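Colleague: have a look at this prediction, sequence included:
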Amino acid sequence: GAGVSQSPRYKVAKRGQDVALRCDPISGHVSLFWYQQALGQGPEFLTYFQNEAQLDKSGLPSDRFFAERPEGSVSTLKIQRTQQEDSAVYLCASSSVLREQRIRAGELFFGEGSRLTVL
Amino acid sequence: DAKTTQPPSMDCAEGRAANLPCNHSTISGNEYVYWYRQIHSQGPQYIIHGLKNNETNEMASLIITEDRKSSTLILPHATLRDTAVYYCIVRVEGGSNYKLTFGKGTLLTVNP
């Protein structure tokens, strides 16, 4: 497809379950971001990849959150032992620009997000 | 990155201009003003950005005050599809400042 694709769109998990959220970025985009958006709030940065390298994971809220991008394209955000406070929309975004380069506005493309509800 | 202040919500009549304000009184000289919007159940979408001068594109106009402490996003002829949360973000371009820091934004409701 032409845009960033995320799956599943909706996920309901019981507290304590592990979940995995997938992001297919725009083909050829080297930079990939994950954001978390709680209800009524703006998106908050979680982590950043440049190709397969995870260069910034400062926003991951706990060690239960893990992200990977092993071949520099598709990325997976994994949440272990989910808690109710993990309920949120998880957004993925990609860009063709490297971190060190000038990231011009409009070059960050977001997917529609994966809505996680933890019961 | 400088913080921004936006009203939590605004209403606008369809076909009229929507003027969304943003205060960024602590903005630095090398920080740009960006606007994104997020339609319900979608990811954020870039609208426009600027440094000092007013900017216009096919979606909107951005008016930045001379002292750069505030700006206004103008949607000249709002439609129902413009109902969304609008985020004003200030950020230095390039270098390590690759992250976007979103606030709570302004929920614009366009009424028929």
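Modeller: That came through, no problem.

Colleague: give the bridge partners for B:S9, please.
Modeller: Under the criterion DSSP bridges, B:S9 forms beta bridges with B:L107.

Colleague: what's near enough to touch it?
Modeller: Listed by C-beta atoms under 8 Å, 6 or more residues apart in numbering or on different chains, the contact partners of B:S9 are B:106-109. To be clear about C-beta, it is placed using only N, CA and C from the backbone, and glycine gets the same treatment.

Colleague: now the two most distant members of the residues you listed.
Modeller: Between all members of the contacts of B:S9, the longest pairwise span (C-beta to C-beta) is found for B:T106 and B:T109 and amounts to 10.1 Å.

Colleague: which of the contacts of B:S9 sits closest to chain A?
Modeller: Comparing the contacts of B:S9 against chain A with C-beta to the nearest C-beta picks out B:L107 as the nearest, at 9.6 Å.

Colleague: wouldn't that closest one be in contact with B:V85 here?
Modeller: Yes: taking C-beta atoms under 8 Å as the definition, B:L107 is a contact partner of B:V85 at 5.2 Å.

Colleague: need the overlap of contacts for B:T106 and B:T109.
Modeller: B:9-10.

Colleague: give me the more crowded residue out of these two.
Modeller: Legend: neighbour count by other C-beta atoms under 10 Å in any protein chain shown for B:T106 and B:T109, higher for B:T106 (21 against 14).

Colleague: I'd like to know how far that one sits from B:P44.
Modeller: Look at B:T106 and B:P44: by C-beta to C-beta, to the nearest Å, they are 13 Å apart.

Colleague: who's in contact with the residue positioned nearest the centre of chain B?
Modeller: Centroid-nearest residue in chain B: B:W35, 3.3 Å away (criterion: C-alpha atoms, centre = their mean). Under the criterion of C-beta under 8 Å, 6+ apart, the contact partners of B:W35 comprise B:20, B:22, B:46-49, B:60, B:62, B:73, B:86-89.

Colleague: re earlier: list residues touching both of B:L107 and B:V85?
Modeller: Common neighbours of B:L107 and B:V85, using C-beta under 8 Å, 6+ apart, do not exist here.

Colleague: okay, the two: which has more neighbours?
Modeller: Neighbour comparison, B:L107 and B:V85: the larger count goes to B:V85, with 21 against 18 (by other C-beta under 10 Å).

Colleague: so where's chain B uncertain?
Modeller: Filtered on pLDDT under 70, chain B yields the residue ranges B:1-2, B:93-98.

Colleague: fine by me, we can end here.
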